[in-house]
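Novice: Got a predicted model here, sequence first, then my questions.
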Amino acid sequence: MSVPRERIRNFSIIAHIDHGKSTLADRILEQTKSVALRDMENQLLDSMDLERERGITIKAHAVTLVYSAADGQDYVFNLIDTPGHVDFNYEVSRSLAACEGAVLVVDASQGIEAQTLANTYLAVDAGLEIVPVINKIDLPSAQPDRVRTEIEDVIGIPADEAPCISAKLGTNIDQVMEQIVKNVPPPQGDENAPLKALIFDSYYDAYKGVIIHVRLMDGQVHPGDTILMMSTGARFTVVECGYGRATGFEPSDGLSAGEVGYIAASIKAVKDARVGDTVTLADNPAKQALPGYRAVQPMVFCGIYPADGAHYSDLRDALEKLQLNDAALSFEPETSVALGFGFRCGFLGLLHMEIIQERLEREYNLDLVTTAPSVVYRITKTNGEVVFIDNPTNYPDPSLISMAEEPIADAHIYTPSEYVGNIMELCQERRGTFKNMNYIDTDRVDIHYELPLNEIIYDFFDALKSRTRGYASFDYELSGYKKSSLVKLDIMLNGEVVDALSFIIHSDKAYPRARKMAEKLAEKIPRQLFEIPIQACVGGRIIARETVRAMRKDVLAKCYGGDITRKKKLLEKQKEGKKRMRQLGTVEVPQEAFMSVLKLDE
Amino acid sequence: MNNAEPIGLYIHVPFCDGKCPYCDFYSLPADEETMDRYAERVAEEMGAFARKESHRVDTLYFGGGTPSLLGGKRLAYLIGKARECFGLQNAEITAEANPAKDLSGFFEELRAAGANRISIGLQSADEGELRLLGRRHTAMEAIKAVCDAQKAGFENISLDLMLAIQKQTPESLKRSIAFCVDAGIQHVSAYLLKVEPYTAYGRKKGELALPDEGEAADFYLLACAELEKHGFHQYEISNFAKPGFESRHNLKYWRCREYLGIGPAAHSFLNGKRFYYNRSLKGFLSGEPPVQDGEGGGFEEYAMLALRLTEGLTHEGCRARFGFGIPERIVRAAKLYEKGGLTVCNENGFHFTPKGFLVSNMLTSEILFAK
């Protein structure tokens, strides 16, 4: 595996979702004979089931390949796959920090989309060399020349050399490889300097403990070395290091500056191998940790509770394990009157939240109840104190608030021009402020809006999709806080506030939302033995009201001839059903109904 | 083995001269020969049980179906056989009858054989309602049947009424109850119509003009109040009696006592085990053994049945049977519903009110499975 550093190429592939990033990665693996054809499973790098199903890359992955170039030399390619979705900008940025170059894949029929631009800017900011590639030229609707012009005009990088490929059919992949050899600079660094290695990924292996993926900037590391994590001060002895090949680990006797590889060091504690940290040697430490990682800020919060309180510690273990692989996930214990013991979890965005929930349920077999998502509000109290509120339960009494501010996102929507009207209507409904609009070409526009983040987390993606028949793409970045007229909306069941159903909302939206919530609850809560008033209120004032009428008749009137089978079966069923009930105040609500009420979409 | 406590004996007579559109009890049309073979099989089964174990029986109940269709002779034969096998000392012996034809001879034969209780399927005293129910008798025929039974010497007569049926009004229900009162009978079973899936009613549910849930509930509460007013006190969800005339046999079911059921679709609870015969006359006639249905008599089952009764669940009853009083969480849960008028709690335990009986499925579950 060892080649001179001049023949190492560390690169990522960046693209808008569905532009063919993972397919290209697969083709590169194939061309470098990293995987026998018969072992190819489509989209090898997307190893999580969830990634394959959703067609997205969630986690960064790294694989070391050997490429025999046209110049007759062997090159080591370290391909670091990155997620494409806006929620995972952090993952993208830490992957990019381990690279010198980025292959930018653009769909020849769709051109530049929101995420193309967002990811390209991240790569440019990280000082990476961009290698543009125009994919899907096999499609009848492909317009490679037009896309080439778009890349030059919109992104502002030369694209005359950009290979026109079909990753699906394997057309012109060699051109991409040669471009990488030619245009991505080899890594710099001093292998005799103290070790500085960037952790860009890590995961828990049941046998080896935490395995960290690193990019060595300076120095060397060998089995037996004592390594030091610079941010935590934790020390470990390297048990094994080597290269991540497409088919598994390949141990080596060491890694040195410029290389990408893995280290296993019997690391057991989750907190000791933080992604983004710098690894150095304990007996010859680097003076300074590496910069370059964007601090991760959870933007969306929700409460996650085990459906069965007995699984609280299982949930904690699962979150700890997920956090190991996902530095962007934050969580801390919280209690809800309605839901018991659980965790307040922070996420990068809605997709990130859904993915974590899904992974908890699938990979850890947990049955969960999650509360409505919330953003982080900045509240200035009358005594001058400033607090950040991510949980409606902690929202201060209105009389103690002198100013409330909400997070604002700078949003770009790329769309065929025919949908501009629909999009503007949607953005207006979502309290957006129009900034400007630019034509990318004759019939595609970039609409720039300022949108409150809490409007985005409330099914904005779905609304956008349905109003543009899926043709628009969307990207946003948090731009700051803005003064806003916020209120806390509480839901009362049978006169008692159900903490898990409270949320913070703009005052203009409170009434329609309150009505919708009340209606949905009335529809979903089965009738019980007493009448259940459902009230939605703001600051003690009731703004919506529904009633679940009491059950009048539920009886097996006939129980004769000694046949009690039916009654017994019913009782068994009821007993099972009781287990899936949530106590909301004095009212019992089936788990399913509770979940559907918390899901805010239609 | 000899068991101290006498059991109940239920004999299911699976014959009817027609099928009422709401009924899902097991019954078939029958000819004389089949009825002979059936009676013989029942007698054999009794004999076989009696040879295997020795039980005393103090309640015998012929249910159906239409036991009266079997005729006085066959019933008398079976009563004789039961007496031979199980003693029948001081037994309550009931037969169900449908007012269809002249039953005076039938009642006399039955009385002579030792039967002392008759349960007649009146259902309604309103001719229009009877037609909509698909009953094949008139109210006049019913009153005649009651008179014939009384003439034959029966002093314990029950009438069945149905609640929340098509075209029923509060007034018509009151008239049906007045009919029972005037007939001088001792017992009324009044049950809410339930549309069962595999019945004619079930198949045309959408076309039935039935009262809605609230109206049905009101009919039930009206029946409870009216019957009470006339001295028929409620003792079970659907059963009302003059003092001392509660059905001893049916009380065994609800008090979780043991009984042996013979005949197709008949259920038994004996020696702690529940079992039943399949719903198949053919199977029964060919000697198919009953199907085992697991253990019975656990606390939840006991409590669920007890809560059908106005005597309710008592600490004393629980202690006698299980060695412990009603668990505290259950008492606590029962008290939650007292304010809403669904339960009545006292130092002995608790019981449901008519309003509570109306929602007893959910109420029982809420209380028994409270945390």
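Specialist: Great, that's in hand.
Novice: Map the structural domains onto the sequence of the chain.
Specialist: Just so you know, I chose chain A. By the assignment in automatic domain parsing, chain A contains the domains A:5-183, A:196-281, A:300-371, A:378-484, A:489-598.
Novice: Actually, chain B is the one I wanted.
Specialist: B:7-253, B:318-371.
Novice: can you redo the domains of chain A as a markdown table with mean pLDDT?
Specialist: Putting these into a markdown table (pLDDT from 0 to 100) gives the following:
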| stretch | mean pLDDT |
| --- | --- |
| domain A:5-183 | 81 |
| domain A:196-281 | 88 |
| domain A:300-371 | 88 |
| domain A:378-484 | 90 |
| domain A:489-598 | 86 |
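Novice: can you tell which of these is closest to chain B?
Specialist: Nearest of the domains of chain A to chain B, taken as CB to the nearest CB: domain A:489-598 at 3.6 Å. (C-beta placed from N, C-alpha, C; glycine too.)
Novice: Let me have the domains of chain A in CSV, adding distance to B:Leu358 and mean neighbour count as columns.
Specialist: Below are these laid out as CSV (distance: least, CB to CB, whole Å; neighbours: other CB atoms under 10 Å in any protein chain shown):
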stretch, distance to B:Leu358, mean neighbour count
domain A:5-183, 49, 20
domain A:196-281, 56, 20
domain A:300-371, 30, 19
domain A:378-484, 39, 17
domain A:489-598, 5, 18
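Novice: what about whichever residue of the stretch 251-371 of chain B sits closest to chain A, how many residues close to it?
Specialist: Closest approach of the stretch 251-371 of chain B to chain A (CB to the nearest CB) occurs at B:Ser365, with a separation of 3.6 Å. Neighbours of B:Ser365 under the rule other CB atoms under 10 Å in any protein chain shown: 21.
Novice: which SS state does the residue nearest the centre of chain A fall under?
Specialist: Centroid-nearest residue in chain A, with CA atoms, centre = their mean: A:His352, separated by 2.9 Å. Following DSSP: H, G, I helix; E, B strand; the rest coil, the label given to A:His352 is helix.
Novice: same deal with the one 3 residues further on?
Specialist: Here A:Ile355 is helix, with the state taken from three-state DSSP.
Novice: same question, A:Tyr262
Specialist: strand.
Novice: partner residues bridging it?
Specialist: A:His213, A:Gly242 (DSSP bridges).
Novice: From what I see, it and A:Arg245 are in contact.
Specialist: No - at 10.4 Å, A:Tyr262 and A:Arg245 do not qualify as touching, with contact defined as CB atoms under 8 Å.
Novice: which stretches of the stretch 1-150 of chain B aren't confidently modelled?
Specialist: B:1-3 (pLDDT under 70).
Novice: what packs against whatever helix or strand B:Leu75 lives in?
Specialist: B:Leu75 belongs to helix B:72-86 when assigned by DSSP states H and E. Applying 3 or more CB pairs under 8 Å, 6 or more residues apart in numbering or on different chains; DSSP states H and E, we find helix B:72-86 packed against strand B:7-13, helix B:32-52, strand B:57-64, helix B:104-112.
Novice: Show me what the host helix or strand of A:Tyr75 is packed up against.
Specialist: Per DSSP H and E: A:Tyr75 is located in strand A:74-81. The helices and strands touching strand A:74-81, judged by 3+ CB pairs under 8 Å, 6+ apart, are strand A:8-15, helix A:21-31, strand A:61-68, helix A:173-183.
Novice: Dump these to a markdown table, plus distance to chain B.
Specialist: Shown next, in a markdown table, are the helices and strands packed on strand A:74-81 (distance: least, CB to the nearest CB, whole Å):
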| stretch | distance to chain B |
| --- | --- |
| strand A:8-15 | 53 |
| helix A:21-31 | 49 |
| strand A:61-68 | 46 |
| helix A:173-183 | 63 |
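Novice: Please identify the most buried of the domains of chain B.
Specialist: domain B:7-253 (a mean of 19; mean count of other CB atoms under 10 Å in any protein chain shown).
Novice: from the middle of its chain, how far away would that domain be?
Specialist: Centroid separation for domain B:7-253 versus its chain: 7 Å, with CA atoms, centre = their mean, to the nearest Å.
Novice: Nearest residue to the middle of chain B?
Specialist: B:Asn250 (5.9 Å).
Novice: how about that one, what does it touch?
Specialist: A:560, B:61, B:236, B:239 (CB atoms under 8 Å, 6 or more residues apart in numbering or on different chains).
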